[in-house]
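*Asks:* Next come a sequence and a model predicted from it.
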Amino acid sequence: MPGLRAFLLLLAPLLLEVPGPAGAQRDPLPIPIATPGGRRAAAAALQQRNFQRAEPAALRALGQLRKASSKVIPGSGHKYYLQFTTEDYKSGENAGSCLATVLYLKKKTPPVVNIKCTETKDQKKIQEEDNRLYQKLRHQTKPIMANNIPDSYGNIEPALEPVWALAVAGSSYIMWEKSTENLGYSMAQVKSAKQWIRKDDFIEFDFTVLLHEIPTQEIISCHMRLIWLPGHPLNVKYFCDSENQGLEDGSGMESGSATGILHERRENF
């Protein structure tokens, strides 16, 4: 079967070590690791993917960790080799399997992620769903302002589902960038959301999001500015209340007028 053959070819370089020439010095083979460390690394890989895809209709949540191993990369850091299933973020249905490597560098930088996933959702349908979401937000005559998504009972009003999806996509950047080998993050709640009505085609929001830090169980509040247009990278800037720092930038867009707007409106956080 072509699909299975392609998946096995993808699996081989990630989970196997190829022996070098006789007498050559080789890196130690990956060794099995405890589930919590593997799940944190898998979550970070998926968060990076959710942000990079910039497709709210294609958001995925971590399912089952199937395989996990790790090894020390001399002079670099700790590298994880992972195989896991994923679920559709909204429906909870099977969304395909992923293979990933996650390298936690010794210096304080985001983990380096290499991830490949099988698809169960047609790309054309994803684009159609994203366009419907975009049209709902783009044609607001009054800017959306909302609090506590989901509410204390875990419910999200249907009209606010696009807002929640955008917040998850943007927060994925924060969670990936802040994650370390010993700390992971999940999205707890959108505490507040405010839409900015723009004259161009982009969607713009200010969010206050609450992140659940694992394993400390702390709740961290982060303020995020997000700019999005289907087919374009997400532009995200943020700062978290626990950090004394300026806005962190996560964007595939070139600096220009959009970046200026973000800095100009920082006081509105």
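*Replies:* On my side now, so go ahead.

*Asks:* centroid residue for this protein?
*Replies:* By CA atoms, centre = their mean, the chain has its centre lying nearest to Gln47, at 2.2 Å.

*Asks:* Hmm, Trp176 and that one touching each other?
*Replies:* Yes. In this structure, Gln47 is within contact of Trp176 by CB atoms under 8 Å, at 4.1 Å. For glycine as for every other residue, the C-beta is placed from the backbone atoms N, C-alpha and C.

*Asks:* Look at the residue nearest to the centre of the chain and tell me its secondary structure.
*Replies:* Classification of Gln47 using DSSP: H, G, I helix; E, B strand; the rest coil returns helix.

*Asks:* What of the one 4 residues further on?
*Replies:* Judged by three-state DSSP, the three-state class of Phe51 is helix.

*Asks:* My understanding was that it contacts Ser172; is that so?
*Replies:* Yes. In terms of CB under 8 Å, Phe51 counts as a neighbour of Ser172; the distance is 4.2 Å.

*Asks:* For the two, indicate the residue with more neighbours.
*Replies:* Ser172 (29 against 24; other CB atoms under 10 Å).

*Asks:* And Lys107, what's its pLDDT?
*Replies:* Looking at Lys107, its pLDDT is 80.

*Asks:* Give the helix, strand or coil label for it.
*Replies:* Lys107 ends up coil, using three-state DSSP.

*Asks:* got it, and Pro110?
*Replies:* coil.

*Asks:* Dihedrals phi and psi, it?
*Replies:* The phi/psi pair for Pro110 (degrees, to the nearest 10) reads phi -60, psi 150.

*Asks:* And the pLDDT at the nearest residue to it once chain neighbours are set aside?
*Replies:* Spatially, and ignoring its direct neighbours in sequence, Pro110 is nearest to Glu177 (4.5 Å; CB to CB, 6 or more residues apart in numbering). For Glu177, the model assigns a pLDDT of 96.

*Asks:* what does the one 5 residues further on give?
*Replies:* With respect to pLDDT, Asn182 has a value of 92.

*Asks:* Ile227 should be in a strand, yeah?
*Replies:* Yes. Assigned with three-state DSSP, Ile227 falls within a strand.

*Asks:* Tell me what it is bridged to.
*Replies:* Glu204, Asn235 (DSSP bridges).

*Asks:* now swap in Val112 and tell me
*Replies:* Per DSSP bridges, the residues bridged to Val112 are Leu103.

*Asks:* Then His223?
*Replies:* Under the criterion used (DSSP bridges), His223 bridges to Thr208, Phe239.

*Asks:* pretty sure it is touching Phe207, no?
*Replies:* Yes. Between His223 and Phe207 there is a contact under CB under 8 Å: 7.3 Å.

*Asks:* Which residue of the two possesses the greater neighbour count?
*Replies:* In terms of neighbours (other CB under 10 Å), Phe207 is the more surrounded of His223 and Phe207; the figures are 24 against 19.

*Asks:* OK, contacts around that one?
*Replies:* 167, 170-171, 190, 192-194, 223-226 (CB atoms under 8 Å, 6 or more residues apart in numbering).

*Asks:* And the helices in the stretch 151-269 of the chain?
*Replies:* 161-178, 257-264 (DSSP state H, counting those that start in this stretch).

*Asks:* Could you tell me the least trusted of those helices?
*Replies:* Among these, helix 257-264 scores lowest, at a mean of 36.
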